[in-house]
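In: A structural model of the following input is requested.
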Amino acid sequence: MNKTIKLALAMGLGVTLLGASPVARAQDPDLSTKIIPTLKYEQVDVREALRALFRAVGNPGYTIDPAVQGTITVNLTNVTFDVALNNILRQVDATYRLDGGIYQIIRREIDNVTPTGENPTQVAPLSNDVLRRIQINSADPQLIALLIGTQQGSQAFSLPPELSALQ
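Out: Numbers count the residues shown, from 1 in each chain. Sure, this is the predicted structure:
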């Protein structure tokens with residue numbers, strides 16, 4: 001009986017210790033919708049502003065590239081985390097990417113247009129094509145074919161009338 005009590009106490013202590021161990025906090029999958037009530041900074045280092053912003057939403061994991069430097073000034077009220085983060089990063093030509101739940105703050109790549117031809121100030125002509133992305137939740141495939149057309153969106157696509165209209 002004495003051994004049984006000791007065994008029960010040891011098991012109870014073990015379960016208590018395992019249960020009391022720090023539990024890894026799950027990352028909020030969508031911080032972009034979290035509302036920041038106020039965010040006011042004047043001539044503050046971008047690293048300090050980012051540290052305070054991430055602390056305000058619960059300290060998610062983040063890294064800041066050493067190339068991201070500068071001072072920022074923001075005065076935002078009742079904006080989402082995503083809007084606040086983009087406003088801060090835009091002032092120092094930076095952006096972020098989310099990799100495995102960790103925000104990686106990196107310097108924005110600026111595309112340099114390379115001059116062509118003999119004159120180095122002459123820039124290559126741009127294409128006149130307009131690229132648009134639209135979201136279609138649901139649509140009739142025949143309607144989409146009509147809108148796209150046979151000549152890349154010229155709407156020169158003709159459809160025969162429905163059979164019900166002929167009868």
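
In: where do the strands sit along this structure?
Out: In the chain, the strands defined using DSSP state E lie at 35-45, 62-64, 71-80, 94-99, 102-107.

In: ok, which of those comes nearest Asn86?
Out: strand 94-99 (8.3 Å; C-beta to C-beta). The C-beta positions use only the backbone N, C-alpha and C, and glycine is treated the same way.

In: just the angle for that closest one relative to strand 102-107, thanks.
Out: Angle, strand 94-99 to strand 102-107, by axes from the mean of the first three to the mean of the last three C-alpha atoms, to 10 degrees: 150 degrees.

In: contacts for strand 94-99?
Out: Under the contact criterion C-beta atoms under 8 Å, 6 or more residues apart in numbering, strand 94-99 has outside partners 46, 65, 68, 85, 89, 103-108.

In: can you check stretch 54-63 too?
Out: Outside stretch 54-63, the residues touching it (C-beta under 8 Å, 6+ apart) are 27-28, 31, 34, 36, 39, 50, 81, 101-105.

In: what about Asn137, how many neighbours?
Out: By other C-beta atoms under 10 Å, 4 other residues sit near Asn137.
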